[in-house]
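Trainee: Okay, predicted coordinates and the sequence, questions at the end:
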Amino acid sequence: MPQAQHRPQPVPPDIRRGVPDALRQAAAVLYWRHFGAQLLPLPVAPRRGIALIRTAMRPQQALVALSPSGELLGLAGLRDAGGGFLDPAPDSFVAVWGQAGGRLRHMAAALYRPGAATADLVLDGLAVHPLWRRQGIARALVRAAMDHARARGHAGLRAEVEARNQAGLAAWRALGFQPLPRQRLGWPWAAPAHVLRLPLPG
């Protein structure tokens, strides 16, 4: 009879700006687990996808939630006028697939359409380790993102959810985000995505 997977006890997470060097691999694995299927138009082996995220990662464009022992519990990518959590330049693709393969995949990835320009701070993906879900990690990351946004003069937070992700839509609404008109973002063949906003109190 298989043993039940151990679920850790709830702890207040330590929220920090930036992905520590020692946790880049863990952050890449976590981000790939949540968003890998959306990053490229064709399937990619997890090993390559994780390598791409690790290489393209802009560590300061993220908030991380850490356990008391320094384990990565979750992360929230941040996107503002300076860019998002992943650098869209071709260098990371070339580093993973070589010159020809990397540039070809970079051109394919360029088909992805970002959301409309906004003065809000955009949450560029929020991921929580499966063992730590439903323990307030996502809410703590959103609170920290609110503080970060306010300190930099943003009037609100935004989140973008692909059209079929009803669970994700419900999760954001439970955090207080309200839907805006849907947008044609993501891959050209995708249905309009859900865009949600959380206004920040003055």
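Mentor: Cool, the structure landed. Computed from a predicted structure; not experimentally measured. Numbers count the residues shown, from 1 in each chain.
Trainee: how about the helices of this structure, start to end?
Mentor: In the chain, the helices defined using DSSP state H lie at 24-39, 46-56, 91-109, 137-151, 166-174.
Trainee: out of these, which comes closest to residue 202?
Mentor: helix 137-151 (8.7 Å; CB to CB). Bear in mind the C-beta positions are built from the backbone N, C-alpha and C, glycine included.
Trainee: Would you mind checking the average pLDDT for that closest one?
Mentor: Averaging pLDDT along helix 137-151 yields 96.
Trainee: With distance to residue 123 added, can I get the helices of the chain in JSON lines?
Mentor: As requested, those are exported to JSON lines (distance: least, CB to CB, whole Å):
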{"stretch": "helix 24-39", "distance to residue 123": "12"}
{"stretch": "helix 46-56", "distance to residue 123": "17"}
{"stretch": "helix 91-109", "distance to residue 123": "20"}
{"stretch": "helix 137-151", "distance to residue 123": "6"}
{"stretch": "helix 166-174", "distance to residue 123": "9"}
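Trainee: Can you say which of these is nearest to residue 188?
Mentor: Closest among these, using CB to CB: helix 91-109, at 11.6 Å.
Trainee: quick one: that closest one to chain centroid distance?
Mentor: Computed by CA atoms, centre = their mean, to the nearest Å, the chain-centroid distance of helix 91-109 equals 21 Å.
Trainee: Buried ones in it, by neighbour count?
Mentor: Using 16 or more other CB atoms under 10 Å as the test for burial, helix 91-109 gives 92, 93, 94, 96, 97, 102, 105, 106, 109.
Trainee: ok, those vs residue 140, which is closest?
Mentor: For the buried residues of helix 91-109, the nearest to residue 140 is residue 92 (29.3 Å; CB to CB).
Trainee: ok, back up a step: looking at the helices of the chain, which is closest to residue 125?
Mentor: Between the helices of the chain, helix 24-39 lies closest to residue 125; by CB to CB that is 5.3 Å.
Trainee: Remind me what that closest one packs against, helices and strands.
Mentor: With contacts taken as 3 or more CB pairs under 8 Å, 6 or more residues apart in numbering; DSSP states H and E, helix 24-39 sits against helix 46-56, strand 72-79, strand 121-128.
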